[in-house]
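J.: Structure of the sequence below:
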Amino acid sequence: MNNTAILSELKIANPIDILSEAKFVFDTEVNAINLVKDSLDERFTKIVELISICKGKVIVTGMGKPGHISRKIAATLSSLGTSSFFIHPAEAQHGDLGMISSNDIVIAISYSGESEEITKILPNIKLIGATLIGISGNPDSTLVKYSDHSFVFPKFAEACSMNLAPTSSTTVELVLGDALAVCLAKTYGFHEHNYALFHPAGSLGKKLLIKVKDIMHSEEKNAVVTTGTMLKDSIIEMSTKAIGIINVVNENDELVGVFTDGDLRRSFTREVNVYDLSIDDVMVKTPMFVDSEVLAVEALKIMKEKNISALPILENQKLVGTIRVNDILGVGIFV
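T.: Residues are numbered from 1 along each chain as shown. Presented below is the predicted three-dimensional model:
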């Protein structure tokens, strides 16, 4: 009988109360987390202290389900300021150990502490001279014996009904890794701008990193005329650049006014003769503007609050560009 047939037979033969079973899993894993939380002591503190002064990188390794957790822990450490990466223990036996140096810290995770792929690389890690931190549920394991420092979980049940599949154990490994990453981030004084630096594609990264000067319309893409320009010529400039606003500057490139497509529509309702007037006659002479170093998200807030669609950008009191609401929304920044 093949596996598919066996599983089909089991599905028919073993109906369960799904919600009760699900709640049992939650209760079992929450209990395991609480047991580990209560067991945190100077071992955990020492690990945090060691990593915080590490001159190299933090390498996390694990096999099977703990391997998946190890990847996530390495990723979380990296995103919160601890330079870290994952090494697969089987690949480590075929050359990836060369990625480890004596300045590094290796965190090896194995609940049994006897995973063959892990135990085979422990002697080599020691020979390289890296500091080895073992995370296990077995105080007498090979992993713990080889480790320079270790954290051993207290006894708890797996949520698997057979107490076999890694469930509670992988959950507590994950939470312990999160605790390490968060504690280290606070130790470094890691803040939002650091986080944004490592997450430029994320919404927070964009809000904290992108300035108006990064996405503004500038030089030949900006709509600009000088004082005294005839209104008809100004309208041609504005329509050519198609950004909904024209900036008016003096001979020193200093902003003296703006004229928007809304102003143009209002001018036509008043039957203004575009051939007789200059831009000076119709422009807004006290325009709002922002500095080129202002964050795009702050410019967006201003435009939404004032119900305007574009703002001139100044640098050292001179016009350098224009920013529009759509420009900011277009890069994924929202408020």
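J.: With residue 120 as the reference, measure out to residue 320.
T.: Computed as Cβ to Cβ, to the nearest Å, the residue 320 to residue 120 distance reads 61 Å. From N, CA and C alone the C-beta is placed, and that goes for glycine too.
J.: between those two, who's got more neighbours?
T.: residue 320 (19 against 14; other Cβ atoms under 10 Å).
J.: how far away is the more buried one from residue 212?
T.: Residue 320 is 10 Å from residue 212, by Cβ to Cβ.
J.: Now list whatever residues contact both of the two.
T.: Shared contacts of residue 320 and residue 212 (Cβ atoms under 8 Å, 6 or more residues apart in numbering): 292, 313.
J.: In which helix or strand does residue 106 reside?
T.: Assigned by DSSP states H and E, residue 106 belongs to strand 105-109.
J.: how many other residues sit next to residue 275?
T.: Residue 275 - counted by other Cβ under 10 Å - has 8 other residues nearby.
J.: Look at it and give its secondary structure.
T.: coil (DSSP: H, G, I helix; E, B strand; the rest coil).
J.: where does the stretch 151-300 of the chain dip in pLDDT?
T.: Scanning the stretch 151-300 of the chain for pLDDT under 70 picks out nothing.
J.: Show me the domain layout of the protein.
T.: 16-190, 209-330 (automatic domain parsing).
J.: For the ones you listed, could you give me JSON lines that also reports distance to residue 199?
T.: JSON lines is the format used below for the domains of the chain (distance: least, Cβ to Cβ, whole Å):
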{"stretch": "domain 16-190", "distance to residue 199": "7"}
{"stretch": "domain 209-330", "distance to residue 199": "9"}
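J.: Is residue 205 in contact with residue 197, as I believe?
T.: Yes: in this structure, residue 205 is within contact of residue 197 by Cβ atoms under 8 Å, at 7.5 Å.
J.: the more surrounded of these two?
T.: residue 205 (18 against 12).
J.: name the element the more buried one belongs to?
T.: helix 203-209.
J.: quick one: contacts for the residue most central in space within the chain?
T.: By Cα atoms, centre = their mean, the mean C-alpha position of the chain lies nearest to residue 199, the distance being 3.6 Å. The contact partners of residue 199, by Cβ under 8 Å, 6+ apart, come to 79, 205.
J.: how much does the next helix or strand after the strand holding residue 106 deviate in direction from strand 105-109?
T.: Moving toward the C-terminus from strand 105-109, the next helix or strand (DSSP H and E) is helix 116-128. Helix 116-128 runs at 160 degrees relative to strand 105-109, counting by axes from the mean of the first three to the mean of the last three Cα atoms, to 10 degrees.
J.: Any buried residues in helix 116-128, and which?
T.: 117-119, 121-122, 125, 128 (16 or more other Cβ atoms under 10 Å).
J.: Which strands and helices lie in contact with that helix?
T.: If contacts are counted by 3 or more Cβ pairs under 8 Å, 6 or more residues apart in numbering; DSSP states H and E, helix 116-128 sits against strand 58-62, helix 89-92, strand 105-109, strand 131-136, helix 142-146.
J.: Run the angle between that helix and strand 58-62 for me.
T.: Using the same axes, to 10 degrees: helix 116-128 against strand 58-62 is 150 degrees.
J.: What are the contacting residues of helix 116-128?
T.: Contacts of helix 116-128 (Cβ under 8 Å, 6+ apart): 61-63, 89-90, 92-93, 97, 100-102, 106, 108, 110, 132, 142-143, 146.
J.: Please pick the buried ones from the residues you listed.
T.: Applying 16+ other Cβ under 10 Å to the contacts of helix 116-128 flags 61-63, 89-90, 92, 97, 100, 106, 108, 110, 132, 142-143, 146 as buried.
J.: just curious, which of the residues you listed is nearest to residue 301?
T.: residue 62 (44.7 Å; Cβ to Cβ).
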